[in-house]
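In: got a predicted structure plus its sequence, pasted below:
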Amino acid sequence: MSAGPLTQVALQGLQTRCFGQRVFSFAEVGSTNDELRRLADAGAEEGTLVIAERQTAGRGRRGRVWHSPPDTGLWCSLLLRPPASLVPSLVPLLLGIAIARGIRACCGVPAFLKWPNDVLIAGLKVAGVLCEAGPGGLVAGFGVDVNQEEFPPELPAATSILLQRGRPTDRALLLRAVLEEAERLYLDACARGPAQLIAAATALLSTLGRQVEVQLEGETLRGLACGLEADGALQLEEEGGGQRLIRAGDVQHLDQVEPLDDLTGPL
């Protein structure tokens, strides 16, 4: 199935109660987030999933273009209506954990998180999350580079699971694993609060314990990324002293040392 189209049939056998139980699949859309936003505003139920084989106007954070070639990756958007116990700022971390765990389980490749919304393999970006709130609910878009053999030169820091693993991945199997893990994390956080979610993110975050540069609106900070707050904010010990909480910003790792992982530990 990894080489064929990703359709609703691909989700047969999905072990979830809500996530992905209602699917709209497209050969091509401008943006899965935009398509799901229209469905959300029309009353689509929570857990509705939009998947596309190709996006012509896929985007990342701050309006960046997301490279979405046909029949190679997972280009998806999931509709959430979280209760007050799960603040929206935790959703990118939640989906990042689910994607990283899905890659580890299905592909045997050590995937890590980069705060706030990227998934890395060997220090290169393999997936990203873009959440957009609106009156119809929270649209959580995610893109995973699965079977691409190459990337345009303007994306030198991008990679795919294929390039790291050396063989194709069944996209349907990976999507099911991501949705099942995401729902488990979501239901637990909704019922019991964010403590376990923060612990899971901390275990997978390659950002923590490293010197980083944070680009904010009109300001650049440098310091040590030392932890997460309960709402997912990054704790930064600044070079000049003092601590800042970063709730939104672009983070760059200033060293090139990536964490090693033999996949034997509980994550």
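Out: The structure has been received and is ready for your questions.

In: can you count the residues close to the closest residue to Leu80 other than its chain neighbours?
Out: Closest residue in space to Leu80, ignoring its immediate chain neighbours: Leu138 at 4.5 Å, by CB to CB, 6 or more residues apart in numbering. C-betas here are computed from N, CA, C, even on glycine. Other residues within reach of Leu138 by the criterion other CB atoms under 10 Å amount to 18.

In: what's near enough to touch Leu138?
Out: Taking CB atoms under 8 Å, 6 or more residues apart in numbering, we find Leu138 in contact with 79-82, 88, 91, 131-132.

In: just the ones of the residues you listed in strands?
Out: Counting by DSSP state E, these place 79-80, 131-132 in strands.

In: now do the helices in the chain.
Out: Along the chain, counting by DSSP state H, helices occupy 32-41, 91-107, 161-165, 171-192, 195-204.

In: quick one, the second one and helix 171-192 angle?
Out: This means helix 91-107. 140 degrees (axes from the mean of the first three to the mean of the last three CA atoms, to 10 degrees).

In: adjust the sequence numbering to begin at 395 for everything that follows.
Out: Done: numbering now begins at 395, and the last item shifts to helix 485-501.

In: output helix 485-501 as CSV, restricted to C-alpha atoms.
Out: Extracted as CSV, the C-alpha positions of helix 485-501 are listed here (Å, rounded to 0.1, in the frame of the first residue of the first chain):
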residue,chain,number,x,y,z
VAL,A,485,-1.7,20.1,20.7
PRO,A,486,1.5,20.6,18.5
LEU,A,487,3.5,18.7,21.1
LEU,A,488,0.8,16.0,21.3
LEU,A,489,0.8,15.4,17.6
GLY,A,490,4.6,15.6,17.5
ILE,A,491,4.8,12.8,20.1
ALA,A,492,2.3,10.7,18.2
ILE,A,493,4.3,11.1,14.9
ALA,A,494,7.7,10.4,16.5
ARG,A,495,6.3,7.3,18.3
GLY,A,496,4.6,6.2,15.1
ILE,A,497,7.9,6.5,13.1
ARG,A,498,9.7,4.6,15.8
ALA,A,499,7.2,1.8,16.0
CYS,A,500,6.6,1.3,12.3
CYS,A,501,10.0,2.1,10.9
